[in-house]
Structure formats: structure tokens, C-alpha cells
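Peer 1: what shape does this take:
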Amino acid sequence: MEYGEAISDDADEAAFQAALQQLARGRVDLHEIASEAVARTYCVCVVDGEDAAEGHLSAIHAKLIESLERRLRAWVYRQEIV
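Peer 2: Model prediction:
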């Protein structure tokens with residue numbers, strides 16, 4: 001599977017929904033929630049495989065976590081001002 005297929009709007013949305021479920025359960029550490037949601041949602045070729053190839057958290061994996069965490073922060077902020 002190519003990254004273009006594994007990293008998609010559908011995968012982004014699935015990770016976001018998984019993260020929202022964790023927030024609904026009372027979890028509050030957005031970075032940890034985002035990290036776990038990305039690990040559970042994205043193809044192993046994107047997260048684990050690339051990490052293993054690089055010997056550390058890959059730039060792609062880190063960017064996915066960062067993007068999801070940013071989206072979660074925006075969502076939480078909107079909930080607080082409504």
C-alpha cells in the first residue's frame with residue numbers, strides 16, 4: 001500500500017473519531033490520545049514500519065500525531081466557547 005492510500009481523509013477522520021471517544025471517556029492528555037489514535041488507526045506500514053526503518057519515531061508518524069493533536073485542541077477550544 002502506498003502512503004497516499006494509507007494516509008487519507010478517511011484515515012484522518014477515523015483517527016479523530018477514535019480520539020474523541022477517548023475524550024468522552026474522560027481522558028485529557030491530548031498528545032497521548034493522539035498518539036494512541038494514530039497507532040490504532042493508520043496502516044502499520046505508515047507508523048510502525050517507517051519507525052522501524054528509521055530507528056525512531058518517523059517524521060511521517062510524528063506529523064500525523066501533531067496534526068491530530070492540533071485538530072483535537074481546536075475541537076476542545078470550540079467546545080469551551082460554545
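Peer 1: my guess is Leu64 meets Ala39, correct?
Peer 2: No - Leu64 is not in contact with Ala39 according to CB atoms under 8 Å; the separation is 9.5 Å. (Each C-beta comes from the backbone N, C-alpha and C, glycine too.)
Peer 1: quick one: which of these two has more around it?
Peer 2: Leu64 (24 against 17; other CB atoms under 10 Å).
Peer 1: all helices for this structure, in order.
Peer 2: 3-6, 9-24, 30-41, 48-54, 59-81 (DSSP state H).
Peer 1: pick the most buried one from these.
Peer 2: Highest mean neighbour count of the helices of the chain: helix 30-41, a mean of 19 (counted as mean count of other CB atoms under 10 Å).
Peer 1: now what about that helix, what contacts it?
Peer 2: For helix 30-41, contacts defined as CB atoms under 8 Å, 6 or more residues apart in numbering pick out 11, 14-16, 18-19, 22-23, 27, 47-48, 61, 64-66, 68-69, 72-73, 76.
Peer 1: how far out from the middle of the chain is that helix?
Peer 2: 5 Å (CA atoms, centre = their mean, to the nearest Å).
Peer 1: could you do stretch 45-56 as well?
Peer 2: Distance, centroid of stretch 45-56 to centroid of chain: 15 Å (CA atoms, centre = their mean).
Peer 1: for stretch 24-35, same thing?
Peer 2: Worked out by CA atoms, centre = their mean, stretch 24-35 lies 11 Å from the chain centre.
Peer 1: CA atoms of it as PDB?
Peer 2: Extracted in PDB, the C-alpha atoms of stretch 24-35 (Å, rounded to 0.1, in the frame of the first residue of the first chain):
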ATOM      1  CA  ALA A  24     -15.600  11.200  26.000                       C
ATOM      2  CA  ARG A  25     -14.200   8.600  28.500                       C
ATOM      3  CA  GLY A  26     -12.600  11.400  30.500                       C
ATOM      4  CA  ARG A  27      -9.000  11.200  29.200                       C
ATOM      5  CA  VAL A  28      -7.300  14.600  28.900                       C
ATOM      6  CA  ASP A  29      -3.800  14.200  27.700                       C
ATOM      7  CA  LEU A  30      -4.300  15.200  24.000                       C
ATOM      8  CA  HIS A  31      -0.800  14.200  22.900                       C
ATOM      9  CA  GLU A  32      -1.200  10.700  24.400                       C
ATOM     10  CA  ILE A  33      -4.700  10.400  22.900                       C
ATOM     11  CA  ALA A  34      -3.500  11.500  19.500                       C
ATOM     12  CA  SER A  35      -0.500   9.100  19.600                       C
END
